[in-house]
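Undergrad: only geometry, no sequence info:
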């Protein structure tokens, strides 16, 4: 009885949330293109990066860890925005909301499903990078996995939010240059933030991808967990929560 009472007090239903997550995973597993995009493309990008800098090992050691805060955001954004938009346009989300289902159940269900996929993506990318590709980092490998997962969750949150404003899959992809690529340009990968022109440094501080790249750099250059890494990870997680809440408000009954 106490377990039932606790479930009733929660702002979401664990049963419905779990069922939603399972349904989303089943749907993605049937879409071979999305599965390949989620799991194989990040690994292929890391291989490409290694080949690009095969004559400059120092550059690969610097850039390699940082892209763990970039690639997952872009890949997960594309898959999440298109998958969610399909559910909106086909009326699946609306049909769910005609049932005794909270909006938070749906958002958390999607988040749980994609978090599982993000974990697989992070594990595969990290093992490939520090194994066959020879990426040398000073910190423990699991820190890179944490950043990759947080980056994927950020891409998921942005994808869910964008799907509310896009009318078709093409429009969802069009939001990528507006919402994600500017973060990629000012995240500090190409130019350190303190060397950026004018107000670009201030703009970079407002971009969550900046903190993902910075945290990945901390994991690569320090032997343990630093205060800056923890701060950046918490900032990314806070951004994820805020965007997910905003996504939940776009679901209308």
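TA: That came in fine, so what should we check first? Owing to the predicted nature of the structure, the values given are computational and were not obtained by experimental measurement. Residues are numbered from 1 along each chain as shown.

Undergrad: quick one, what contacts residue 235?
TA: Neighbouring residues of residue 235 by Cβ atoms under 8 Å, 6 or more residues apart in numbering: 208, 211. (Each C-beta comes from the backbone N, C-alpha and C, glycine too.)

Undergrad: for residue 160, which non-adjacent residue is spatially closest?
TA: Spatial nearest neighbour of residue 160, chain neighbours left out: residue 247 (4.0 Å); criterion: Cβ to Cβ, 6 or more residues apart in numbering.

Undergrad: would you agree residue 112 is in contact with residue 19?
TA: No: Residue 112 lies out of contact with residue 19 (Cβ atoms under 8 Å); the separation is 10.5 Å.

Undergrad: check which helices and strands the longest helix seen in the chain sits against.
TA: Longest among the helix segments of the chain by residue count, using DSSP state H, is helix 103-130. Other helices and strands packing on helix 103-130, by 3 or more Cβ pairs under 8 Å, 6 or more residues apart in numbering; DSSP states H and E, are helix 14-30, helix 32-39, helix 41-52, helix 71-89, helix 92-97, helix 141-163, helix 227-249.

Undergrad: and the nearest residue to residue 228 once chain neighbours are set aside, how far from residue 211?
TA: Counting by Cβ to Cβ, 6+ apart, residue 228 lies nearest to residue 218, which is 5.4 Å off, once chain neighbours are set aside. Going from residue 218 to residue 211 by Cβ to Cβ, to the nearest Å gives 10 Å.

Undergrad: which one's more surrounded, the two?
TA: Remark: of residue 218 and residue 211, residue 211 carries more neighbours, 28 against 24, as counted by other Cβ atoms under 10 Å.

Undergrad: and the residue lying closest to that one once chain neighbours are set aside, what does it touch?
TA: Leaving out its chain neighbours, the residue that sits closest to residue 211 by Cβ to Cβ, 6+ apart is residue 232, at 4.0 Å. Contact partners of residue 232, counting by Cβ under 8 Å, 6+ apart, are 211-212, 214-215, 218.

Undergrad: any chance of the residues you listed in TSV, plus secondary structure?
TA: Shown next, in TSV, are the contacts of residue 232 (DSSP: H, G, I helix; E, B strand; the rest coil):
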residue	secondary structure
211	helix
212	helix
214	helix
215	helix
218	helix
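
Undergrad: let me know the pLDDT of residue 7.
TA: In this model, residue 7 is scored at 46, pLDDT.

Undergrad: before we move on, what about residue 237?
TA: Residue 237 is assigned a predicted lDDT (pLDDT) of 94.
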